[in-house]
Every structure is written in C-alpha cells, then in structure tokens.
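*Asks:* build me a model from this:
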Amino acid sequence: MRRTGVATVAAALVAGTLWAGTPAVHAEDGAGGRASAAGLGVDLDTVTIPQLQARMTKGSLTSKALTSAYLRRIDTVDPKVNAVLRTDPTALRQAAASDERHRAGRALGPLDGIPVLLKDNVDTRGMPTTAGSLALAGSPPDADAPLVQRLRKAGAVILGKTNLSEWANFRAAKPTSGWSAVGGQTHNPYVLDRNPCGSSAGSGAALAASLAQVAIGTETDGSIVCPAGMNGVVGLKPSLGVVSQSGVVPISAEQDTAGPMARNVVDTALTLAVLSGGDGARPAVSQGLPDARPRPGGLRGKRIGLWRLPELGPDVDAVMTRTARKLRTAGAEVVEVTPPYQKRLAELEFPALLSEFHRDIDAYLGTRKGPRDLAGLIEFNRTHPAEQTCFAGQELFEQALAAPPTTDPAYRAMRAELKDLSRRSIDETLAAHDLDAIAAPTNPPAWTTDCKRGDNDVIPSSTPAAVAGYPSLSVPAGFVKELPVGVLLTAGDHQDARLLSLGAAVEQRLRAWRAPRYLPTIDSGSTR
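*Replies:* Residues are numbered from 1 along each chain as shown. Sure, this is the predicted structure:
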C-alpha cells in the first residue's frame, strides 16, 4: 500500500473542479450581506481550494487578502453563531509568508495560504488549547500536535480555534452539544435556536457560516460526521491511524481520530492528503489506484446499500428515499440493507470507552499544566461554578474513574468483541450485497438547544465505522424544513480514497447544499 491513493483522488478531483467550476450561490451573513468579499472576486461560500490556488498562481489573489476576508467575516458573522473561540494573531503574517512563496514560485502545495480553523482540543503552540474547559485555559501547550505541524509544513494559515462540546461531550450524562465553559453555546447557522451537534460543533458551524475554507474536527463516535450533516457541510472521519492522535485531547485511542471538514469533497480530500501519515500514523491509501480515480458517470455501476434508520423519523426517511432515487437515476444500484450486530455494539461501546478514557486522559493531562489526572479534573469541576452554568453533571467522569482498568481481562474481552463485531457488521454487509459503500442518514433535523433537557442525539449510523476504525464520509443530502440532513457513506478498512471518490460523485449528483439564512427560529410543526 502506498500513500498515493488519496493524492491521486485529490488530483483527479482538482482537475474536475477547475474544469466544472461551482454553482454561483451566495450566503446571507445575517445582516443582509453576502459571503462574497468586496474586492476579492470570489464567493467564499462556493469557492474551492483549487480555484483559490489558480487565482494565487496567476497573482490575482493573495493569501493575505483571503485571510483578511475570513477574519472580517468572523468579526461580522460569528457573533450570531459563536463558533470561533479565538483567532491567531499571527494569521496575517502566515498569509504574507505564503504570498512570498507564491510570488517566488515556491508554493508548498494546495493548502499553501489556505485559512484553516482548528477544533480547540488540538494542541497548538502559542494558543490556548482547552477542550472547552477552564481547567486547561491557563497555559497553552508547549508544542503543536503533529497534525498541526503537517498543516504548517504545507503552508496552511492557522486562522484560529473553534468552540466544541466541552471534553468532546464525555463529561455529563445529558450534555448539550456545542456548549463549553470556555466558549459558551455555538448555534446552528441555519436556525439559530437549533443545535450544531457533536463535539466538533464549532468546526461544522464555522464552515456553514463561511468563516474559514476548511476546519479540523475530531471524532470518537459521530463528532465529525454529525456536525457536518447537521450544518450542511462535508466531514470525513478517516480510518483509524491515518491521522496522528498525538497532541489531541483524547477519549479513546481505540476510536479517536481527527479529520477534515469543508464545504465540498475536493477540499476535504486535499486536507486529508496533508494530514495523513507522520508520527507513526498509517497513511491514507487505497488498493488499486486506477479504481480510485473519478470518471465521467462516476456512479454508474456502483452498488450502494441503503440503511434507512426509520427511528430518525419520516422526514429524514423521505430525504433518503429522494437520495436513493437520484443515485439510481445516475446509474447506481441501490439495495436496502441492515448491518447486523448493532444492538450488541450499543451495549459494549460505552463501558469500553469509560476504561479507555481514564487511561488516555490521565496520560494527556500529564503533558499539560492544570489538573494532573481525572480525579483532579473532577475536583476542579466541583469547585468552579462556571463549569456548571449549562449543566452541572460530570457523571461520565465519575463512572470512568471507577471503571475497570484497560489491563482487566473483562475489559480486554469487551474491546475484542467490539472490534470483531463492528468490522463484521460492515464487512459482511458489503460482501453479502457486493457493495461499494453503505449509505445511511447522518443526522436527524437539528433539535432545539436546551441546557435543561440536553441533547436528543440517538444517531446509530456513525457507530459501526467509529468502533471498527473504518472511514465514513458525510455529504449534504437535503433538508427537513430549513434544517440540513446528510448522507453518511461508510466503506471498508483504509478505503478512504475510494470513499472520497464516491462521495464526490454523490455530492455532484445530489447538489443538496444551500446557504444558511441565520433564522432565529422556525415552526416545529411543518416540514419540507
């Protein structure tokens, strides 16, 4: 296996993007403005990285102008959304250095000069990295996480940090996604009283509001793909090991991964090509590179299994029915499937994560100033009222503290069964129906944010790939009223490149994205 799998797909997608262009759709910024920046000559909502690089190469656009445009949008739009915790004071200097490289013909690659937001659980030198908790707000990390090192080496402009669900939603039994003691509540740009979902809530909402070109999220189970689906953008949870886990606040080394989020698949693929590998991480690859290249009629002959998940409601099911019809019209064969072993996976996953969290958070806290272990973190929360302003509970912390260690034979048997059943649930479904991928709804329509009630997020589609360590990709599929719904594509182990290729074809066929309108609320009774 070679790393050229994702690079080959990205190159093919770049060629297609530059040839085809993008639809001329604009987003309102909440004050009646547009996401197209005055004097920039590009629509920030729809422009892709290849199109930006083409302009930079010609000299008709600079990274400094692009970065300034995004900083202005953060100033004017983010007060409604509250997705960005802080901007990097060196961002314009980073952009100016990129412009020098472009002028000298020494650009470092497709991400050179491209503004990127980082979820605030990714260690970033010189900037606070808090996981949303006041316990880590005092001193920045000493060094960049390896994935940030790779972004810098590729010339990306680190624009700032996004809000997240505190401790990646692994603190309270009934948390509220998108809330942290450090950043407050992030809102869904489509309807502001609705939730942005998942721990990468700020990254998803920031992209929907066109506050950066790409963002980095992290996932243990659903925390990249659900915010992508609920905010109408693209999110890839890579295969486990494709992106280094080092320097990222953990839940479980058995499932955690960072991954790229963007407004389109080509930008997602280009970002993964930069993130993958390094620090012992396994590169993103695909077997058989010719099969990974997008071709005209890219859905023709593809076999896709539709996992409906009726528990997400009839409106979501109607979106999936329309999605299946469009894929069939494009030449794909769509068959209905139900991956096995889901009940058992649901029974086993949470207890395993408790043991793993205790092990992994203790190791991480040992690298930072503040509480030195999980017991210290629990005591910190008890004595800091600001940590209790949305929800007071830390039941998951307390359960993790009491959980069996990862050396316990019962835990080891549990994780082994999880790994086996999760992989079989995907592998057996793919093999039984000769499928290229499984498609399922990524998310229900966004629920109303309510600290007293907490989340309403029983969303089983992300679990098989999350537990198995296989890739999954959310692409916009449609809407229920004003609220986006994504389609989640899942493929086999380390088939990230092929999944991105298929996702690009699905994206092109569905063309489901539309700009947010920053509505304050909507009537909950009717749908469309």
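*Asks:* CA only for contacts and neighbour counts going forward, please
*Replies:* Fine.
*Asks:* any idea how far apart the tips of stretch 453-465 sit?
*Replies:* End-to-end distance for stretch 453-465, by Cα to Cα, to the nearest Å: 28 Å.
*Asks:* check contacts around Arg300.
*Replies:* Contact partners of Arg300, counting by Cα atoms under 8 Å, 6 or more residues apart in numbering, are 330-332.
*Asks:* of these, which is the nearest to Leu483?
*Replies:* Lowest distance from Leu483 to these (Cα to Cα) belongs to Ala330, with 25.4 Å.
*Asks:* ok, that closest one touching Arg509?
*Replies:* Yes. With contacts defined as Cα atoms under 8 Å, Ala330 counts as touching Arg509 at a distance of 7.2 Å.
*Asks:* is it true that Ser435 touches Gly301?
*Replies:* If you look again at residue 435, you'll see it is Leu, not Ser. No. Distance between Leu435 and Gly301: 10.4 Å, which falls outside the contact criterion (Cα under 8 Å).
*Asks:* please say which of the two ends up with more neighbours.
*Replies:* The residue with the greater number of neighbours, taking Leu435 and Gly301 and applying other Cα atoms under 10 Å, is Leu435; the counts read 18 against 13.
*Asks:* phi and psi next, for the spatially closest residue to that one that is not a sequence neighbour.
*Replies:* Setting aside the residues directly before and after it, Leu435 is nearest to Arg303 in space (Cα to Cα, 6 or more residues apart in numbering), at 4.8 Å. Per-residue torsions, Arg303: phi -110, psi 120 (degrees, to the nearest 10).
*Asks:* so Arg303 touches Asp436, yeah?
*Replies:* Yes. Arg303 sits in contact with Asp436 when judged by Cα under 8 Å, with a separation of 5.4 Å.
*Asks:* how close does Ala386 sit to Ser180?
*Replies:* 10 Å.
*Asks:* cool, Glu356 as well?
*Replies:* Per Cα to Cα, Glu356 is found 22 Å from Ser180.
*Asks:* for the two, work out which one has more neighbours and name it.
*Replies:* Counting neighbours by other Cα under 10 Å for Glu356 and for Ser180 shows that Ser180 has the greater number, 30 against 24.
*Asks:* contacts only, for the more buried one.
*Replies:* 132-133, 163-166.
*Asks:* got CSV for these, with neighbour count and pLDDT too?
*Replies:* Listed next are the contacts of Ser180 as CSV, based on neighbours: other Cα atoms under 10 Å; pLDDT from 0 to 100:
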residue, neighbour count, pLDDT
Gly132, 28, 98
Ser133, 23, 98
Asn163, 34, 98
Leu164, 40, 98
Ser165, 31, 98
Glu166, 29, 98
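*Asks:* reformat the residues you listed as TSV; add distance to Ala156.
*Replies:* Below are these laid out as TSV (distance: Cα to Cα, whole Å):
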residue	distance to Ala156
Gly132	24
Ser133	27
Asn163	20
Leu164	22
Ser165	25
Glu166	26
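*Asks:* would you reformat the residues you listed as JSON lines and include secondary structure and distance to Gly155?
*Replies:* Shown next, in JSON lines, are the contacts of Ser180 (DSSP: H, G, I helix; E, B strand; the rest coil; distance: Cα to Cα, whole Å):
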{"residue": "Gly132", "secondary structure": "coil", "distance to Gly155": "27"}
{"residue": "Ser133", "secondary structure": "coil", "distance to Gly155": "30"}
{"residue": "Asn163", "secondary structure": "coil", "distance to Gly155": "24"}
{"residue": "Leu164", "secondary structure": "coil", "distance to Gly155": "25"}
{"residue": "Ser165", "secondary structure": "coil", "distance to Gly155": "29"}
{"residue": "Glu166", "secondary structure": "helix", "distance to Gly155": "29"}
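*Asks:* now the helices for the stretch 401-528 of the chain?
*Replies:* 409-433, 463-468, 496-510 (DSSP state H, counting those that start in this stretch).
*Asks:* okay if I get those helices as CSV plus mean neighbour count, mean pLDDT and distance to Arg150?
*Replies:* Below are the helices of the stretch 401-528 of the chain laid out as CSV (neighbours: other Cα atoms under 10 Å; pLDDT from 0 to 100; distance: least, Cα to Cα, whole Å):
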stretch, mean neighbour count, mean pLDDT, distance to Arg150
helix 409-433, 17, 98, 29
helix 463-468, 24, 98, 24
helix 496-510, 24, 98, 19
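*Asks:* so which of the ones you listed is nearest Thr57?
*Replies:* Closest to Thr57 of those is helix 496-510 (Cα to Cα; 24.9 Å).
*Asks:* what's the offset of the closest one from the middle of its chain?
*Replies:* Distance of helix 496-510 from the chain centroid (Cα atoms, centre = their mean, to the nearest Å) equals 16 Å.
*Asks:* list the contacts of Gln53.
*Replies:* Counting by Cα under 8 Å, 6+ apart, Gln53 has contacts Pro110.
*Asks:* show me where pLDDT drops low in this structure?
*Replies:* Judged by pLDDT under 70, the chain has its weakly predicted residues at 1-4, 7-38, 277-297, 525-528.
*Asks:* please report how far the spatially most central residue of it lies from Ala330.
*Replies:* Averaging the C-alpha coordinates of the chain gives a centre point, and the residue nearest to it by Cα atoms, centre = their mean is Ile224 (3.0 Å). Distance from Ile224 to Ala330, counting by Cα to Cα: 28 Å.
*Asks:* same question, Arg101
*Replies:* On the measure of Cα to Cα, Arg101 and Ala330 end up 42 Å apart.
*Asks:* where along the stretch 51-200 of the chain do the helices fall?
*Replies:* 63-81, 91-103, 146-153.
*Asks:* turn these into JSON lines, columns for distance to Val116 and mean neighbour count.
*Replies:* Rendered in JSON lines, the data for the helices of the stretch 51-200 of the chain read as follows (distance: least, Cα to Cα, whole Å; neighbours: other Cα atoms under 10 Å):
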{"stretch": "helix 63-81", "distance to Val116": "10", "mean neighbour count": "20"}
{"stretch": "helix 91-103", "distance to Val116": "10", "mean neighbour count": "20"}
{"stretch": "helix 146-153", "distance to Val116": "9", "mean neighbour count": "20"}
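*Asks:* so for Ile251, which of these sits nearest?
*Replies:* Ile251 lies closest to helix 146-153 among the helices of the stretch 51-200 of the chain, at 17.5 Å (Cα to Cα).
*Asks:* okay, the angle between that closest one and helix 91-103?
*Replies:* 50 degrees (axes from the mean of the first three to the mean of the last three Cα atoms, to 10 degrees).
*Asks:* of the contacts of Arg300, buried ones?
*Replies:* When the contacts of Arg300 are checked for burial by 16 or more other Cα atoms under 10 Å, the buried set is 330, 332.
*Asks:* so which of the contacts of Arg300 are in strands?
*Replies:* When strands are assigned by DSSP state E, not one member of the contacts of Arg300 lies inside them.
*Asks:* and of the contacts of Arg300, the nearest to Tyr364?
*Replies:* Checking those one by one against Tyr364 (Cα to Cα), the nearest turns out to be Ala332, at 45.3 Å.
*Asks:* returning to what we had before: so which of the helices of the stretch 401-528 of the chain gets nearest Gly105?
*Replies:* Nearest of the helices of the stretch 401-528 of the chain to Gly105, taken as Cα to Cα: helix 496-510 at 28.9 Å.
*Asks:* how far does stretch 180-193 stretch from one end to the other?
*Replies:* Per Cα to Cα, the first residue of stretch 180-193 is 16 Å away from its last.
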